[in-house]
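K.L.:
build me a model:
(chains A and B)
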Amino acid sequence: MIPRPRPERFRLRRTMMFMNAQRPGLIKDAYIYGVDSIMLDLEDAVAENQKDAARFSLYHALKHIDYGDTEVIVRINGLDTPHWQEDVRVCVAGGADGVRIAKCESADDVRRIEEHVLAAEKEFGVEEGRTLLMAALESPKGILNAREICQASERMLGVAISGGDFRKSMHVRTERSGIEINTARSLMLLAAREAGIQCFDTVFTSLDDEEGFRAEVELDHAMGFDGKSLINPRQIAYVHKTFAPTEKEIATAELYVRSYEEQSKRGVGVYTVNGKMVDIPFIEDAQRVIALAKACGVYHGDL
Amino acid sequence: MKNAVGREIPDKLLTGGKEVYQGKFHMDGKAYHKAGPVVRRAEKPQESKVLGSIREACEKCGAHDGMTVSFHHAFRNGDYVTSMVMKVLVEEMGLKDLTVATTSLGSAQDLLADYIEEGKIIGVQSSGVRGRIGEVISAGKLKTPAIIRSHGGRPRAIETGELSIDITFIAASSADDYGNASGTGGKNNCGTLGYAVADSRYANHVVVVTDTLVPFPNMPAAISSIDVDCVVVVDAIGDPKKIGTKEARVTEDPRNLMMAENCARIMAATPYFKDGFSFQTGVGGPSLAVNRYLEDYMRERGIVMGFALGGMGGNICDLMDKGLVRKLLDTQDFDTKAIEHLAAHPDKHLEISTSEYANPANKGAYVNKLDFVVLAALEIDTDFNVNVLTGSDGVLRGAPGGHPDTAAGSKCCIIVTPLVRGRMATVCKKVVTVTTPGDCVDVLVTDYGIAVNPARGDLIECLDAAGIVHTTIEALQEKAYSLVGEPDELEWEDSVIAILEARDGTILDVVRKIKPVEL
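P.N.:
From the prediction side, this is the model:
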């Protein structure tokens, strides 16, 4: 049995890779690719008559495989199915780090899952409050309720948009520019930032369209997402590269933080660095950049 | 006597000046006389050297019991000529006690396994032994131990006279009636004939076997008519479609791609990765995929590869066509694209012999100019010794090829392999057979992590500076054993069925007969 440490609610989650929980060959060592989180799927990837088999495979994987620092989240079946209660029990019994609520539409949905998670934690003697939650918003209702969903529970680590279902409900196809889900992405980002939780973009499914994938990753980064859901290990490297602060950003951040330390000792609040006005919000952002650079393993300074 | 990689070599094999392996470059600077073939003068003008049949050619060249014949394997699994000729020698002419010295053997030559079992073939000297031939040799059916040599070791043995060839039969895609022979310009093209060049110059008799006779002069030609005794025209010399086995395809497997990407990252982190650098890769899944990632790094740095060496596939040709490689020095073409590319770009895609490629006994083989080589392995142990010859059951099923040569010559030798294959640990405590000594291996890339040979402190610093995480090879071996368990030692009988020569001609290891399993 591999004991897993208590999950951190806020940690680096640039990449969350979906894997079919029913495929031992895939999930036995999914951590080798260096993904931040793996998302073991009990929902869409698993056929209706294989749900039970997938739960067994998932349980034994969670119990016997050392995933190390890689976070292990499980996507459970939706609240409109007969599967989700048993899914929650198996996640908690196996010691998954978190549960991804599929097709989440309201704070009540989150709270319902939370009740069952708590009950399962009690049932299996798991530390209460250990299991994290995240919500997938897949419908207009889910997006429009993003505020209450984001604030529904202390277990909530973040929200993600699920593009496939959302686009279907909006009667749109995938557009290169992202215009068709731009509002949804933006609303969700606003709600997540307000609640102080993380926000993730949907998968990019055309594996061979490298250029399209890169453009979407860059868009996600520019919009302020914390990370992205992935379907193939090949997609990891570019996301990590894009989401890591550049050398120039790190150098600027270092300069701001150091100059702030000096200036504040002298009682100066606002000043200029290289001709640019700098005040407290800049410093907070600079500190965030340094923290991200450290988490991405690209910071070699002494701050 | 124990050699430098800790292998016990039976004293009875150490006769006639044969030594055990004593570390890389042990033979450096040693002087020797080059061997010369016995050549019959063709002073009187003859209009044509074309003969009616293989048998006629064999008779003209004085085929006899106990002789040594040689072949090349540029057609790999699609080769027809080796079996065709051996059939004539054994079945039509009734010859026996033959030694076959080929550049490699595979399933295309399965017929030879019968002749080994019948005792007609008593000696095999080859780079690789696969398929049924490997099984019968491992079962102790060959009268004398097989001698396994690298692609560089073979021309070394020919040029020093250790391997003396009575007749070589060279499958050539095109030839003129005087014997100028090439791997292109015919109906079945194999591309470069680099494997056959040493044989053409050092064998006592040279027979060119072709299916496309072209007007004299067939030039440029790898095989010069001044070395050729006779030419035989047959229906087909081989099937080029069977050259590229599945192992030569570019992988889409994310595990292989991840390892390939790490190889490229490591290369880009060393000081050797600069404009004009040189590179060779094998044809295993992850090794071949390195090309894809190298392209990104070359473009990012604005640099171009000076030359690529060894076996060529379509993807390295693509890199050249994109302007990212200046020269291809080609010993083997792995697919149709590379074969056509060789013919189409005689100015920069160049045919080289295996002596030029890798012979440690000449005055400087091209492997010595190699910056990087990325190679696969069946097994690698915690001393970084690599096995690419014997399977986990101890049976011959692989080929050193250019592995030991490029590992020894290059500045940075990267081995790329998954940590486990099925139930077998690839990274282990002791490889079954040492084919490439650990003192030539610098970095190991697996799907579970990277390890650098502690002897290469400079490379460790490079990786650290680039933020490339690495561990020890012992940690990887322990991880492998934790996943699949520790294998029992193989059980052998005393008799040696194959001698593995180091590229310098010393004995690196021996393969013994495997004890039959009793259940």
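
K.L.:
which residues of the stretch 351-500 of chain B lie near chain A?
P.N.:
B:D447, B:Y448, B:G467 (CB under 8 Å from any CB of the partner chain). Bear in mind the C-beta positions are built from the backbone N, C-alpha and C, glycine included.

K.L.:
got a list of what the residue of the stretch 101-250 of chain A found nearest chain B touches?
P.N.:
Closest to chain B within the stretch 101-250 of chain A is A:P233: 3.8 Å, counting by CB to the nearest CB. Residues in contact with A:P233 (CB atoms under 8 Å, 6 or more residues apart in numbering or on different chains) are A:M17, A:Y33, A:V35, B:P254, B:R255, B:L257, B:M258.

K.L.:
can you list the residues you listed in CSV and add secondary structure and neighbour count?
P.N.:
Shown next, in CSV, are those (DSSP: H, G, I helix; E, B strand; the rest coil; neighbours: other CB atoms under 10 Å in any protein chain shown):
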residue, secondary structure, neighbour count
A:M17, strand, 24
A:Y33, helix, 22
A:V35, coil, 23
B:P254, helix, 18
B:R255, helix, 17
B:L257, helix, 23
B:M258, helix, 21
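
K.L.:
strands along the stretch 51-200 of chain A, start to end?
P.N.:
All strands of the stretch 51-200 of chain A, identified by DSSP state E, counting those that start in this stretch, fall at A:71-75, A:98-101, A:132-137, A:156-161, A:198-201.

K.L.:
quick one on the thing from earlier: which of the contacts of A:P233 lies closest to B:F25?
P.N.:
Nearest to B:F25 among the contacts of A:P233: B:M258, at 34.4 Å, using CB to CB.

K.L.:
and the residue nearest the centre of chain B?
P.N.:
For chain B, the residue nearest the mean C-alpha position is B:G401 (2.0 Å; CA atoms, centre = their mean).

K.L.:
check contacts around that residue.
P.N.:
B:S104, B:S127, B:G128, B:S150, B:H151, B:G282, B:V388.

K.L.:
and for A:E154, the neighbour number?
P.N.:
Burial of A:E154 is recorded as 10 neighbouring residues (other CB atoms under 10 Å in any protein chain shown).

K.L.:
again but with B:L396, I slipped
P.N.:
28.

K.L.:
contacts only, for the closest residue to chain B within the stretch 51-200 of chain A.
P.N.:
Closest residue of the stretch 51-200 of chain A to chain B, CB to the nearest CB: A:D66 (9.1 Å). Counting by CB under 8 Å, 6+ apart, A:D66 touches A:I2.

K.L.:
what pLDDT does it get?
P.N.:
We have a pLDDT of 90 for A:D66.

K.L.:
now B:K246
P.N.:
As predicted, B:K246 sits at a pLDDT of 49.

K.L.:
packing partners for the lowest-mean-pLDDT helix or strand in chain B?
P.N.:
Using mean pLDDT, DSSP states H and E, helix B:285-301 stands out as the lowest-scoring helix or strand of chain B, at a mean of 90. Counting contacts by 3 or more CB pairs under 8 Å, 6 or more residues apart in numbering or on different chains; DSSP states H and E, helix B:285-301 is packed against helix B:254-268, strand B:278-281, helix B:314-321, strand B:372-375, strand B:412-416.

K.L.:
ok, of the contacts of A:P233, which one's closest to A:I101?
P.N.:
Nearest to A:I101 among the contacts of A:P233: A:M17, at 18.3 Å, using CB to CB.

K.L.:
that closest one reaches A:I231, doesn't it?
P.N.:
Yes - using CB atoms under 8 Å, A:M17 is in contact with A:I231, at 7.4 Å.

K.L.:
returning to what we had before: reformat the contacts of B:G401 into CSV and put secondary structure and pLDDT next to each item.
P.N.:
Listed next are those as CSV, based on DSSP: H, G, I helix; E, B strand; the rest coil; pLDDT from 0 to 100:
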residue, secondary structure, pLDDT
B:S104, coil, 96
B:S127, coil, 95
B:G128, coil, 90
B:S150, coil, 97
B:H151, coil, 97
B:G282, coil, 77
B:V388, coil, 95
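
K.L.:
filter those down to the buried ones, PyMOL style.
P.N.:
Of those, the buried ones can be selected in PyMOL as follows, counting by 16 or more other CB atoms under 10 Å in any protein chain shown:
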select buried, chain B and resi 104+127+128+150+151+282+388
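
K.L.:
low-confidence bits of chain B, can you list those?
P.N.:
Filtered on pLDDT under 70, chain B yields the residue ranges B:245-250.

K.L.:
how about chain A?
P.N.:
Applying pLDDT under 70 to chain A flags residues A:1.

K.L.:
who in it is up against chain B?
P.N.:
Contact residues, chain A versus chain B (CB under 8 Å from any CB): A:D29, A:I32, A:Y33, A:N232, A:P233, A:R234, A:A237, A:G297, A:V298.

K.L.:
for B:M305, give me its contacts.
P.N.:
B:G276, B:F277, B:S278, B:F279, B:L294, B:M298, B:L319, B:L324, B:V325, B:R326.

K.L.:
where does the closest residue to the first one other than its chain neighbours land in three-state SS?
P.N.:
Meaning B:G276. Closest residue to B:G276 apart from its sequence neighbours, by CB to CB, 6 or more residues apart in numbering or on different chains: B:G306 at 3.7 Å. Judged by DSSP: H, G, I helix; E, B strand; the rest coil, the three-state class of B:G306 is strand.

K.L.:
now restrict the contacts of B:M305 to buried residues only.
P.N.:
By 16+ other CB under 10 Å, the contacts of B:M305 give B:F277, B:S278, B:F279, B:L294, B:M298, B:L319, B:L324, B:V325 as buried.

K.L.:
mind listing what residue 97 touches?
P.N.:
Using chain A here. Contacts of A:D97 by CB under 8 Å, 6+ apart are A:R4, A:P7, A:S37, A:E71, A:V72, A:I73, A:T131, A:L132.

K.L.:
please go with chain B instead
P.N.:
B:D65, B:G66, B:K120, B:I122.

K.L.:
most neighbours among these, which one is it?
P.N.:
Going by other CB under 10 Å, B:K120 tops these with 19 neighbours.

K.L.:
in a markdown table, list the residues of chain A next to chain B along with distance to B:K141 and secondary structure.
P.N.:
Below are those laid out as a markdown table (distance: CB to CB, whole Å; DSSP: H, G, I helix; E, B strand; the rest coil):
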| residue | distance to B:K141 | secondary structure |
| --- | --- | --- |
| A:D29 | 41 | coil |
| A:I32 | 43 | helix |
| A:Y33 | 46 | helix |
| A:N232 | 48 | coil |
| A:P233 | 46 | helix |
| A:R234 | 47 | helix |
| A:A237 | 50 | helix |
| A:G297 | 56 | coil |
| A:V298 | 59 | coil |
